[in-house]
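Chemist: Here's my sequence, what's the structure:
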Amino acid sequence: MTRAVCPGSFDPVTNGHVDIFRRAAGLFDELIVATGTNISKSRLFDPEERLEMLREACADLPNVTVMGFTGLIVDFCKQVGAHAVVKGLRGGNDYEYELPMAQMNAHLAGVETIFIPTTASLGYVSSSLVKEVASLGGDVSALVPPAVLSRLTTRLGERA
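Modeler: Numbers count the residues shown, from 1 in each chain. You can find the predicted model right below:
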């Protein structure tokens, strides 16, 4: 059985993320979507909220499991028996950011990284941009799953 992990902060999960999950799920017997803690990013949603949104977004993908993790992704991969990490790439900047991490993961644990380019129509979508546009009153309904949109609207309203 081939098992891969698709890690990220997913704050919030976007349609770009879901597109990568769907495509990766077609490449592996099992895909684990894993949300962790990255201290360099500020969070709008707590870990449990992000897990709930991910579970809702992946509900129609039978070979996808959603889990949380702490620490190094390679340690999590060992724990769940995954030999690959899947990362979506929007462009060259993402590649420049992700490549050293992929090389370190291979060095530390022999975990390979599979890069999947985003679908062209979603290449500009990022969680950060979605949050910024939504906080300024812009329509992000085409960029996030419906359940995420309602949570995002509610949370931003609470902070306003």
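Chemist: Provide a list of residues in contact with the spatially most central residue of the chain.
Modeler: The chain has residue 8 as the residue nearest its centroid, 4.0 Å off, counting by C-alpha atoms, centre = their mean. The contact partners of residue 8, taken as C-beta atoms under 8 Å, 6 or more residues apart in numbering, are 17, 33, 34, 35, 36. To be clear about C-beta, it is placed using only N, CA and C from the backbone, and glycine gets the same treatment.
Chemist: ok, so what distance separates it from residue 92?
Modeler: 19 Å (C-beta to C-beta, to the nearest Å).
Chemist: Also residue 71?
Modeler: Distance from residue 71 to residue 92, by C-beta to C-beta: 29 Å.
Chemist: Next, give phi and psi for residue 45.
Modeler: Main-chain dihedrals, residue 45, degrees, to the nearest 10: phi -120, psi 140.
Chemist: coming back round to it: narrow the contacts of residue 8 to those in helices?
Modeler: Under the assignment DSSP state H, the contacts of residue 8 contribute residue 17 to helices.
Chemist: Name the residues of the least confident helix or strand in the chain by mean pLDDT that are buried.
Modeler: Counting by mean pLDDT, DSSP states H and E, the chain has its least confident helix or strand at helix 146-159, which shows a mean of 94. For helix 146-159, burial by neighbour count (16 or more other C-beta atoms under 10 Å) applies to 147, 148, 149, 151, 152, 155.
Chemist: ok, now stretch 90-102?
Modeler: 94, 98, 102.
Chemist: quick check, the first one in a helix?
Modeler: Yes - Residue 94 sits within a helix when classified using DSSP: H, G, I helix; E, B strand; the rest coil.
Chemist: Skipping adjacent residues, who's closest to residue 122 in space?
Modeler: residue 16 (4.1 Å; C-beta to C-beta, 6 or more residues apart in numbering).
Chemist: The one you found: what's it in contact with?
Modeler: 88, 90, 118, 119, 122, 123, 125, 126, 143.
Chemist: And it, how far from residue 1?
Modeler: Residue 16 is 27 Å from residue 1, where distance means C-beta to C-beta.
Chemist: Next up, the contacts around residue 82.
Modeler: Neighbour list for residue 82: 3, 4, 5, 32, 76, 111 [criterion: C-beta under 8 Å, 6+ apart].
Chemist: thought residue 44 was touching residue 11?
Modeler: Yes - here residue 44 reaches residue 11: they are 5.6 Å apart, a contact under C-beta atoms under 8 Å.
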